[in-house]
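*Asks:* mind looking at a prediction? Sequence and model below.
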Amino acid sequence: MRMERPRVSFCVHHLPLRRGEVHFQRLRRMIYLFRLKSAQLFNRQGYFGSSLTDIMRETGLEKGGIYNHFSSKEQLALEAFDYAYGLVEQRMRLALAGKLNAIERLLAIVSVFEGIVEDPPVAGGCPILNTAIEADDANEALRERARVAMDSWRTTIHRIVNKGIL
């Protein structure tokens with residue numbers, strides 16, 4: 001009787017590390033670099049300004065390797081945006097940590113925005129602003145992601161201001 005192996009979904013944060021730990025660590029590093037490099041490319045050149053050749057050159061993957069993991073250039077762009085936005089969100093959480101009153105929290109948010117200008121989380125500037133500008137008329141899925149990100153910031157600021165007034 002043959003025993004079935006349990007299926008493991010492929011997610012970077014939940015990779016099993018018992019056997020072949022070095023292999024999995026290298027795989028994690030490769031996925032991290034791929035996301036970072038593709039996010040930087042799209043952020044610098046835009047979705048429409050980035051060809052498949054550019055993506056291959058930037059990431060070091062062949063066409064088959066890219067389409068093995070992503071069904072389309074749009075899916076890659078969406079995941080690259082999510083990754084870049086996650087980096088911005090991480091900065092925002094770190095800046096707000098330990099800030100208790102509204103003025104401290106609002107100043108922390110302003111410092112994050114200033115930091116994005118001086119030291120962007122990915123090359124090319126603010127990924128949310130860049131994506132919102134490019135996707136405004138051209139790519140509905142990217143436009144929606146940028147809108148959700150902006151709405152999240154606006155909601156956070158609105159909540160802080162309201163708590164400061166009360």
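*Replies:* Arrived safely, thanks for sending.

*Asks:* so which residue is dead centre in the protein?
*Replies:* Tyr83 (1.5 Å; Cα atoms, centre = their mean).

*Asks:* and the helices in this protein, which stretches?
*Replies:* 21-45, 52-59, 63-69, 73-96, 102-118, 127-135, 140-165 (DSSP state H).

*Asks:* single out the most deeply packed of those.
*Replies:* helix 127-135 (a mean of 21; mean count of other Cβ atoms under 10 Å). The C-beta positions use only the backbone N, C-alpha and C, and glycine is treated the same way.

*Asks:* pLDDT of that one, averaged?
*Replies:* For helix 127-135, the mean per-residue pLDDT is 89.

*Asks:* thought Ala39 was touching Tyr83?
*Replies:* Yes. Counting by Cβ atoms under 8 Å, Ala39 touches Tyr83, with 4.9 Å between them.

*Asks:* tell me which residues are up against the helix-or-strand element of the chain with minimal mean pLDDT.
*Replies:* None of the helices or strands of the chain scores lower by mean pLDDT, DSSP states H and E than helix 63-69, at a mean of 81. If you take Cβ atoms under 8 Å, 6 or more residues apart in numbering as the criterion, helix 63-69 is touched by Leu52, Ile55, Met56, Thr59, Leu76.

*Asks:* same question, stretch 82-90
*Replies:* Residues outside stretch 82-90 that contact it (Cβ under 8 Å, 6+ apart): 35-36, 38-39, 42-43, 112, 116, 121-122, 126-128, 145, 149.

*Asks:* max pairwise distance over these: which two?
*Replies:* Ser38 and Val112 (23.3 Å; Cβ to Cβ).

*Asks:* give the contact list for Asn139.
*Replies:* Asn139 sits next to Tyr47, Glu74, Ala77 when contact means Cβ under 8 Å, 6+ apart.

*Asks:* any idea how far Leu33 is from the residue nearest to the centre of the chain?
*Replies:* Distance check for Tyr83 against Leu33: by Cβ to Cβ, to the nearest Å, it reads 11 Å.

*Asks:* how about Ser51?
*Replies:* Look at Ser51 and Leu33: by Cβ to Cβ, they are 20 Å apart.

*Asks:* ok, back up a step: in the contacts of helix 63-69, which has the lowest confidence score?
*Replies:* Thr59 (85).

*Asks:* my read: that residue touches Leu36, true?
*Replies:* No. With contacts counted by Cβ under 8 Å, Thr59 stays clear of Leu36, the gap being 9.3 Å.

*Asks:* count the neighbours of Phe48 for me.
*Replies:* Residue neighbour count, defined by other Cβ atoms under 10 Å, stands at 13 for Phe48.
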